[in-house]
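Student: sequence first, then the predicted structure:
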Amino acid sequence: MTKDYQIGHQIIDNDEEFQPCMTEYLKNTSFWNNACDYAVVSIFGAQSSGKSTLLNRLFGTKFQVMDSTVGFHQCTQGIFMSSNDELGNLVVMDVEGTDSMERQKSGEEGQAFEKRISLFALAVSDVLIINIMERDINRAQGSNYMLLQLLFELNLQIFHKDRLDSSGEAAKTLLYFVIRDSGDIEQQKSIDIIRKHMDRMWKDLFKENPKESINFDSCFDITYSFLPHKTHKPKEWEEKVIAMKPRFHNKSKECVLKDEYSRKIPISGLQEYCKNTWNIIKQNKDIDLPAQREMMARYRCGEISTQIKLDFKDALQKLRVSFIDGDEPGVLFGSTANTTKKKLIAQYNELTAYYIEKIRVEFEEKLEGDIDFALKQLYGDVCKKIRDATLQTMKEELATKTTEEKPIWTNCYVELQTMNEDMVNTFKEAAEKARGDFTQWKYQFHVDDLIDSYHVLQERIIETQVQLRIRETIELQQSQLQNTLSTTISKKNVVDEEQSLEEFDESIRDAYVMSIENTLSKINDIHDEFHIEDPPSFKDRLAEAARSVVVASFSNHANYLSNLMVKSFKESFPPLLPTKTEQIERAFIKSRDRAMFLLNQFFYVPIGKSRPSLTFHFDSKKPSLQYPSNLDDQFVVLSKDQCVSIFKDFMAEVVVLRLQAEHENERKNATAMNVPWYLWFFLLILGWNELMWVIKNPFYLFLAILVVIFIFGVRIRKMVNDHYVAMPWWLRVGLMQVNNVMPASYRMLDDDTIPDKEKEKHQ
């Protein structure tokens, strides 16, 4: 006997001897103390068909595999056993392949050994993996159908009666067909062929005694998996095998290991069971029928258990009426259900007290399991009712957080998370009380469902709150932008020679860009506050909104632009008088250009890539305006027709003002005294003695100087007050500084002469 724990434990050796070290090996597994909570999985198939390789990859075992460098040969002799803790509590058996050359050479005894170990695998396994090549599914020899039919027959003769329970049903076995090298035939056709052969073989077993026929599905279940060629498609083969693993994981929904396949043999008794099974196969003798007392115990315990189940059915309906349909508090369900269960179990124990203890306990456990299962289902409905009530309470509380007058919920996200935790804790507390002593019942599914339902409400509220907050933020920023623009434009709508048009445009662009950036920053803060991932971009929307505000602000000022232009013109025209016509012309051109500056300033919003300019032509007798082409319509404030209309109206009015100034200048020049120079010369000769007399007399000289200063001072003061607004800005600044340091009675400038704007500036 070999005892290599790397490749498992050999339970039947090449001499057909059972090795009694199975218990010692199984004590090293993690499920030794799990009683009957395990499954036996064996594999059946032809030699060198990849059985050991499949088991090793599927269950993580280390069975010996064929050395491809040696060629096809027998690598597994007898039966080896291993275990697996990764997928579940599994005992895996690697069975020697059939139709081997080594056994054929041994004659009939060798072929008989193949049949015995195959029958042993079928007898002790919950799941028998039948490894078959796709090309062999419709062959008599390569498919092992003939051997499989013989195994079915021997299994029925030797073991079927022993597995009958009180209802006349035997433990089933799952036949798991693994079709290898699949790919040439449609899978459903392969399944149909295999099933057809199974039905035919089973029918042939009862051909002579059809009255004793047993339904195939009462003894076996069938399932299938298809694997591609391992050598030609290694990656796909690996993926398919990995996909099979969940089918043997006792915690997976795809698990094929059902309770009805179990032989109900405790793990500590598996060695004895396998040993007896092997001895029976070798001796080929039937098992003794159960004793009469045992049969009676099974019959009566089953009958009483059935009656208790009927009573429980009525009690279950009353519980449903009270706790599901009625108003009974769900927190009382656990204690009420436990009382009902204890009462029924006590009734069963009283009626079955004198029957065989083992059988009585067996039926009691099954009865208790059925009761627990039904109560567990009802507990799920109770939890659902508690969940719905908890969610409804939460909905009502959420509805009070906002009103039509106050739609925005401050600190919304934090409060939503707190309410979520409080809601879950409230439900868990109620669910805990509702299950009472049935601690094995779980309610996490309902917790997850409650959280999912709440998250739907939460996402809806968050979406609404985010939209409201963003809308409020955009409206506030638009209002602030409008106020900023109104202030900026109001200060700049009168031409300031100290500030260029580029500087004015820059201030408008800064206000526009700052508004967008501030709004984007606040919107990002809102998204961060609500933990929104991948939020939508608002940049284009904000840019459009800000542009509309800028255009509207410019349009408001453009409505009275004509008046502003005339006002600007009047502030710098006419020039100082008396003067020449050329000076009036220069003053007119300067004042006109200042006014044209305003038209250029407001006809187009300066937030685009570049500011276009209007071109004015004053060379001809009929002044004209050239409107730029290819303008971006979204930035246009005044159309071409509007600009032309304002230009014509302005020119018509200022031309009149110019003519008035020229006429006034001519009138004053005509009334001014124009004395020839030679008269001043004769006057000096004739009055030379008087002049010398005045000069030599200090009193008269001083008096003459005062008279001259007074006359010229009055004249100069009048000229300065009349033409102050037409003076250059640097001269006005100097006069204002001198005027402010003089006493009020000696000031050169009258209060009415100085514009209010300059008064405020120099105060």
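Tutor: Received it, and whenever you're ready, just let me know what you need.

Student: hmm, who's touching stretch 30-39?
Tutor: Stretch 30-39 has contacts (Cβ atoms under 8 Å, 6 or more residues apart in numbering) with 26, 83, 85, 88-91, 126-127, 248, 250, 257, 261-262, 264-268. The C-beta positions use only the backbone N, C-alpha and C, and glycine is treated the same way.

Student: list the buried residues of that stretch.
Tutor: When burial is assessed from 16 or more other Cβ atoms under 10 Å, stretch 30-39 yields the following buried residues: 31, 38-39.

Student: which one of these is nearest Trp202?
Tutor: Ala39 (24.2 Å; Cβ to Cβ).

Student: quick check on the closest residue to Ser83 other than its chain neighbours: phi, psi?
Tutor: In space, Ser83 comes closest to Thr29 once its chain neighbours are excluded; the distance is 4.7 Å by Cβ to Cβ, 6 or more residues apart in numbering. Torsion angles at Thr29 (phi, psi; degrees, to the nearest 10) stand at phi -90, psi 160.

Student: just give me the neighbour total for Thr29.
Tutor: A total of 18 residues lie near Thr29 under the criterion other Cβ atoms under 10 Å.

Student: now do it against Leu174, distance only.
Tutor: According to Cβ to Cβ, to the nearest Å, Thr29 stands 22 Å off from Leu174.

Student: which residues in this protein form strands?
Tutor: Per DSSP state E, the chain has strands spanning 9-12, 39-45, 79-84, 90-95, 127-133, 173-180, 220-226, 615-617, 624-626. These are given in chain order.

Student: out of the ones you listed, which is the most enclosed?
Tutor: strand 90-95 (a mean of 27; mean count of other Cβ atoms under 10 Å).

Student: can you check what angle separates it from strand 127-133?
Tutor: Regarding strand 90-95 and strand 127-133, their directions subtend 40 degrees when assessed with axes from the mean of the first three to the mean of the last three Cα atoms, to 10 degrees.

Student: still on that earlier bit, narrow the contacts of stretch 30-39 to just the buried residues.
Tutor: 26, 83, 88-91, 126-127, 248, 257, 261-262, 265, 267.

Student: closest one of these to Ser610?
Tutor: Closest approach to Ser610 among those (Cβ to Cβ): Phe248, at 74.1 Å.

Student: that closest one touches Leu257, doesn't it?
Tutor: Yes: counting by Cβ atoms under 8 Å, Phe248 touches Leu257, with 6.5 Å between them.

Student: let me see the mean pLDDT of the longest helix along the chain.
Tutor: Among the segments of the chain that qualify as a helix by DSSP state H, the longest is helix 444-492. Mean pLDDT, computed over helix 444-492, is 81.

Student: output the contacting helices and strands for it.
Tutor: In this structure, helix 444-492 makes packing contacts with helix 357-399, helix 412-435, helix 501-529, helix 539-558, judged by 3 or more Cβ pairs under 8 Å, 6 or more residues apart in numbering; DSSP states H and E.

Student: mind checking how far the residue sitting nearest the centre point of the chain is from Lys567?
Tutor: In the chain, the residue lying closest to the centroid (Cα atoms, centre = their mean) is Glu533, at 6.8 Å. Taking Cβ to Cβ as the criterion, Glu533 is separated from Lys567 by 56 Å.

Student: pull up the distance across stretch 486-505, start to finish.
Tutor: Here the two ends of stretch 486-505 are set 14 Å apart, with distance taken as Cα to Cα, to the nearest Å.

Student: what does stretch 625-635 give?
Tutor: First residue to last in stretch 625-635 (Cα to Cα) measures 20 Å.

Student: and that stretch, how far from the chain's centre?
Tutor: Here stretch 625-635 is found 46 Å from its chain centre; the criterion is Cα atoms, centre = their mean, to the nearest Å.

Student: in it, what's buried?
Tutor: 625, 627, 635.

Student: now do stretch 189-205
Tutor: Counting neighbours by 16+ other Cβ under 10 Å, one finds that the buried residues in stretch 189-205 are 190-191, 194, 197-198, 201-202, 205.

Student: alpha carbons of it, as CSV, please.
Tutor: Coordinates of each C-alpha in stretch 189-205 appear next as CSV, following Å, rounded to 0.1, in the frame of the first residue of the first chain:
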residue,chain,number,x,y,z
LYS,A,189,-27.5,17.3,-30.6
SER,A,190,-24.8,15.7,-28.4
ILE,A,191,-27.1,15.9,-25.4
ASP,A,192,-30.0,14.4,-27.3
ILE,A,193,-27.9,11.5,-28.4
ILE,A,194,-26.6,10.7,-24.9
ARG,A,195,-30.1,10.9,-23.4
LYS,A,196,-31.4,8.6,-26.1
HIS,A,197,-28.8,6.0,-25.3
MET,A,198,-29.5,6.3,-21.6
ASP,A,199,-33.2,5.8,-22.1
ARG,A,200,-32.6,2.8,-24.4
MET,A,201,-30.2,1.1,-22.0
TRP,A,202,-32.5,1.7,-19.0
LYS,A,203,-35.5,0.3,-20.9
ASP,A,204,-33.5,-2.8,-21.9
LEU,A,205,-33.0,-3.6,-18.2
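
Student: contacts for that stretch?
Tutor: Residues lying outside stretch 189-205 but in contact with it, judged by Cβ under 8 Å, 6+ apart, are 134, 137-138, 143, 145, 148-149, 152-153, 156, 175, 177, 179, 182, 216, 220, 222, 224, 226.

Student: repeat the analysis, applying 6 Å as the threshold.
Tutor: Residues outside stretch 189-205 that contact it (Cβ atoms under 6 Å, 6 or more residues apart in numbering) are 137-138, 145, 149, 153, 177, 179, 216, 224.

Student: now for those residues: which two are most distant?
Tutor: Based on Cβ to Cβ, the longest span within the contacts of stretch 189-205 runs between Glu153 and Ile179 and measures 24.4 Å.

Student: if we can go back for a sec, of the buried ones among the contacts of stretch 30-39, which is the nearest to Lys342?
Tutor: Sorting the buried ones among the contacts of stretch 30-39 by distance to Lys342 puts Ser262 at the head of the list, at 28.2 Å, by Cβ to Cβ.

Student: for the closest one, give me its contacts.
Tutor: Asp126.

Student: let's go with 8 Å and repeat that
Tutor: Ser262 sits next to 36, 39, 126, 171 when contact means Cβ under 8 Å, 6+ apart.

Student: dump these into a markdown table; add distance to Val513 and pLDDT as well.
Tutor: Shown next, in a markdown table, are the contacts of Ser262 (distance: Cβ to Cβ, whole Å; pLDDT from 0 to 100):
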| residue | distance to Val513 | pLDDT |
| --- | --- | --- |
| Cys36 | 77 | 76 |
| Ala39 | 72 | 88 |
| Asp126 | 75 | 90 |
| Ala171 | 81 | 72 |
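
Student: tell me the least confident of the buried ones among the contacts of stretch 30-39?
Tutor: Gly88 (68).

Student: for Gly269, grab the count of nearby residues.
Tutor: For Gly269, the number of neighbouring residues by other Cβ under 10 Å comes to 13.

Student: if we can go back for a sec, pull the most distant pair out of the buried residues of stretch 189-205.
Tutor: Across the buried residues of stretch 189-205, the longest distance by Cβ to Cβ is 23.6 Å; it joins Ser190 and Leu205.
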